[in-house]
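S.K.: quick one, fold the following:
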Amino acid sequence: MQLHNLPVAEGAAKPEKRVGRGRGSGHGKTSGRGHKGLKQRSGGKVRLGFEGGQMPLQRRVPHLRGFKSLSPTRFTVINVGELEVFEANSVVGEEELLAKGLIRKKGLPIKILGNGDLSKSLVVKAHGFSQKAVEKIETARGSTEVI
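M.R.: Residues are numbered from 1 along each chain as shown. The predicted structure is shown next:
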């Protein structure tokens, strides 16, 4: 048996519609295309987005500006005020933050932001710091370390 000898499954192939073969066929004269106009002609298709001369949607809607990354770096955010729960002169890293319940997941990058006040000297280890957070930690005689 060869591919060209295989029979077509019953009901799988419809007979081709024969248009323009007389009135008796039901598709005679204009061949089901109606009278006159663009869609009656050969190759007559309206281009994508054409709205009959009306200002098309893609020109009516204002342009979107800016850029949104498809793979942004998502930080676990902690404010300086939340670090007040640690004892003075201690080292604060991912393990310590997880133990105190300030972060939920291990492995995500941590960023320290400057909201709140810090009165203790701490060595803070994180993946990112805001300028305000660095200032507040250093005024409390602590230090920052980027992992």
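S.K.: tell me the pLDDT of the closest residue to residue 129 other than its chain neighbours.
M.R.: With Cβ to Cβ, 6 or more residues apart in numbering as the criterion, residue 129 has its nearest non-adjacent residue at 4.9 Å, and that residue is residue 112. Yep, even glycine has a C-beta here, placed from its N, CA and C like the rest. Looking at residue 112, its pLDDT reads 91.
S.K.: any figure for the gap between residue 112 and residue 24?
M.R.: Using Cβ to Cβ, to the nearest Å, we find residue 112 at a distance of 84 Å from residue 24.
S.K.: residue 3 now?
M.R.: According to Cβ to Cβ, residue 3 stands 37 Å off from residue 24.
S.K.: distance of the residue of the chain most remote from its centre from residue 18?
M.R.: The centre of the chain is farthest from one residue, residue 24, which by Cα atoms, centre = their mean lies 55.8 Å away. Residue 24 sits 11 Å away from residue 18, taking Cβ to Cβ as the criterion.
S.K.: same question, residue 49
M.R.: 34 Å.
S.K.: centroid residue for this structure?
M.R.: Most central in the chain under Cα atoms, centre = their mean is residue 70, positioned 5.5 Å from the mean C-alpha point.
S.K.: contact partners for that residue?
M.R.: Applying Cβ atoms under 8 Å, 6 or more residues apart in numbering to residue 70 gives no contacts.
S.K.: secondary structure class for it?
M.R.: Assigned with DSSP: H, G, I helix; E, B strand; the rest coil, residue 70 falls in the coil class.
S.K.: hey, where'd the helices end up in the chain?
M.R.: 57-60, 94-100, 131-139 (DSSP state H).
S.K.: take those helices and lay them out in a markdown table including mean pLDDT.
M.R.: As requested, the helices of the chain are arranged in a markdown table below (pLDDT from 0 to 100):
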| stretch | mean pLDDT |
| --- | --- |
| helix 57-60 | 92 |
| helix 94-100 | 88 |
| helix 131-139 | 90 |
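S.K.: so how far is residue 112 from residue 104?
M.R.: As judged by Cβ to Cβ, residue 104 and residue 112 stand 16 Å apart.
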